[in-house]
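> With the input below, show me the fold.
(one chain, ligands or ions: 2)
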Amino acid sequence: MDILVFGAGSLGSLVGGLLARTHDVTLVGRDPHIAAVRRDGLRITGVETLDVSPAATTDATGASADLAVVAVKAYDTETAATVLANGDYDAVLSLQNGMGNEDVLAAHVDAPVLAGTATCGARLADPGHVEWTGRGTITLGPWRPADDAEAAERVAAAFRAADLPTEVAADMRRRLWEKLAINAAINPVTALARVANGALAEPGPLADLARAAAVETATVARADGVDLADETAKDAVATVARETARNRSSMHRDVTRGRRTEIDAINGYVVDRARATGASAPINRTLAALIRGWETGAGVSTPEHE
Ligand SMILES: NC(=O)C1=CN([C@@H]2O[C@H](COP(=O)(O)OP(=O)(O)OC[C@H]3O[C@@H](n4cnc5c(N)ncnc54)[C@H](O)[C@@H]3O)[C@@H](O)[C@H]2O)C=CC1
Ligand SMILES: CC(C)(CO)C(=O)C(=O)O
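Ligands and ions are numbered 1, 2, ... in the order given. Now for the predicted structure:
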């Protein structure tokens, strides 16, 4: 399969690099990482060590491929969608966190849109070098009823052929809301309290706050027509906090590095859906206000500004 990975940062480089073992992959990203991959190839270390040589470019305008995988931060999805709209793809798959990305892609591209979640961990260590920090799996499926279920099966088969454990799901909206509940609970609380995820697995005020944010998110999901039980959301947060106890969440890392966060696509999205459905979301609203207030005061940067 011809695969273009739009957003060759941490996750995009890992997934693109692993897919490059079997498929023709083009990474789309920014220098100095892209220049290093073009010169020396891509090195993956951590869970496994491997060296691969995908094609790499900083400009995907007018490109075509069987599949475009979107792995930019949520605040860059609109730009990615605009570039992809000028190309030719049989399917577009988002592996991003947060909500709203698939709708933005669907509004721009003329191809089936697939939603996906990735539980693997990745960190761009140096230009040309990505660290694989957690093995994980990928779950993907059609986003809208009109989106092609066969495209999801084709993509999953291609991922499995490259040894990426991948499952197809028919209920991606519910699964993205469940992931959203996890991120809405763990990300801002760990970022504001500057603690590792495991702090939320210990009884105490931070665990109580995270649980309350998850339950509130599940309430908004139900108001939005998605069947997500309070218990499911609460248990998911407890399990992820325990299983990733030593990790710092992506929002905690963004805040520590003075970088823009994905708050709009996480707690901000919950607040927007609460407003649209007449539900109330005071906990998500407070967490979003605190992180947005920090972003404004800190004069945050995005990776391309570095
Ligand atoms: N890093 C991880 O382990 C995981 C990340 N995710 C999600 O995946 C998404 C990406 O996360 P990361 O890889 O950590 O972020 P990242 O910031 O490391 O990578 C995003 C990359 O996209 C590039 N980019 C953005 N706009 C571009 C454009 N117009 N042209 C070319 N390149 C562009 C940026 O330069 C950056 O290198 C986020 O939604 C995140 O929440 C999900 C699961 C795991
Ligand atoms: C699941 C979790 C909370 C793991 O850290 C994550 O997705 C993130 O940090 O963004």
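
> interface residues of the stretch 201-306 of the chain facing ligand 2?
Within the stretch 201-306 of the chain, the positions near ligand 2 by CB under 6 Å from any ligand atom are 240, 244, 247, 249-250. All C-beta spots, glycine's among them, are computed from the backbone N, C-alpha and C.

> Most widely separated two among these?
240 and 250 (12.5 Å; CB to CB).

> Residue 248 reaches residue 196, doesn't it?
Yes - shown here, residue 248 and residue 196 form a contact pair, counting by CB atoms under 8 Å, at 5.6 Å.

> and for these two, which residues touch both?
residue 190 (CB atoms under 8 Å, 6 or more residues apart in numbering).

> The stretch 51-200 of the chain: strands as residue ranges?
Per DSSP state E, counting those that start in this stretch, the stretch 51-200 of the chain carries strands over the ranges 55-57, 64-70, 88-94, 113-118, 121-126, 129-134, 138-142, 166-168.

> Kindly report the same for the stretch 201-306 of the chain.
With DSSP E, counting those that start in this stretch as the criterion, the stretch 201-306 of the chain has no strands whatsoever.

> so where do the helices sit in it?
205-223, 230-243, 250-256, 267-277, 282-298 (DSSP state H, counting those that start in this stretch).

> repeat for the stretch 51-200 of the chain
Under DSSP H, counting those that start in this stretch, the stretch 51-200 of the chain gives helices at 77-85, 101-108, 149-161, 172-193.

> hmm, the last one in reach of ligand 1?
No - for helix 172-193 and ligand 1, the contact criterion (CB under 6 Å from any ligand atom) is not met; the two come no nearer than 7.7 Å.

> one step back: and the helices of the stretch 51-200 of the chain, which is most packed in?
Among these, the stretch with the highest mean neighbour count (mean count of other CB atoms under 10 Å) is helix 172-193, at a mean of 25.

> Show me what that one is packed up against.
strand 113-118, strand 138-142, helix 205-223, helix 230-243, helix 250-256, helix 267-277, helix 282-298 (3 or more CB pairs under 8 Å, 6 or more residues apart in numbering; DSSP states H and E).

> Residue 290 contacts residue 188, doesn't it?
Yes - under the criterion of CB under 8 Å, residue 290 makes contact with residue 188 at 7.0 Å.

> which residues are in contact with both of these two?
Common neighbours of residue 290 and residue 188 (CB under 8 Å, 6+ apart) do not exist.

> any idea which of the strands of the stretch 51-200 of the chain is most buried?
Most buried among those, given mean count of other CB under 10 Å as the contact rule, is strand 113-118, at a mean of 26.

> just to revisit the earlier point, kindly state which of the helices of the stretch 51-200 of the chain is positioned closest to ligand 2.
Of all the helices of the stretch 51-200 of the chain, it is helix 172-193 that lies closest to ligand 2, at 4.1 Å by CB to the nearest ligand atom.

> The closest one versus helix 149-161: what angle between them?
60 degrees (axes from the mean of the first three to the mean of the last three CA atoms, to 10 degrees).

> now the angle between helix 230-243 and helix 172-193, please.
50 degrees.

> Report the angle between helix 172-193 and helix 282-298.
Using the same axes, to 10 degrees, helix 172-193 lies at 60 degrees relative to helix 282-298.

> Does helix 172-193 reach ligand 2?
Yes - counting by CB under 6 Å from any ligand atom, ligand 2 has neighbours in helix 172-193: 182-183, 186-187.

> What is the nearest of those residues to ligand 1?
residue 183 (7.7 Å).

> distance of the nearest residue to that closest one once chain neighbours are set aside from residue 184?
Leaving aside its chain neighbours, residue 183 sits nearest to residue 266 (4.9 Å; criterion: CB to CB, 6 or more residues apart in numbering). Plainly put, residue 266 is 5 Å away from residue 184 if you go by CB to CB, to the nearest Å.

> Equivalent analysis for residue 252, please.
Applying CB to CB to residue 252 and residue 184 gives a distance of 14 Å.

> ditto for residue 268
As judged by CB to CB, residue 268 and residue 184 stand 10 Å apart.

> From the residues of the stretch 201-306 of the chain next to ligand 2, pick out the ones that also neighbour ligand 1.
residue 250.
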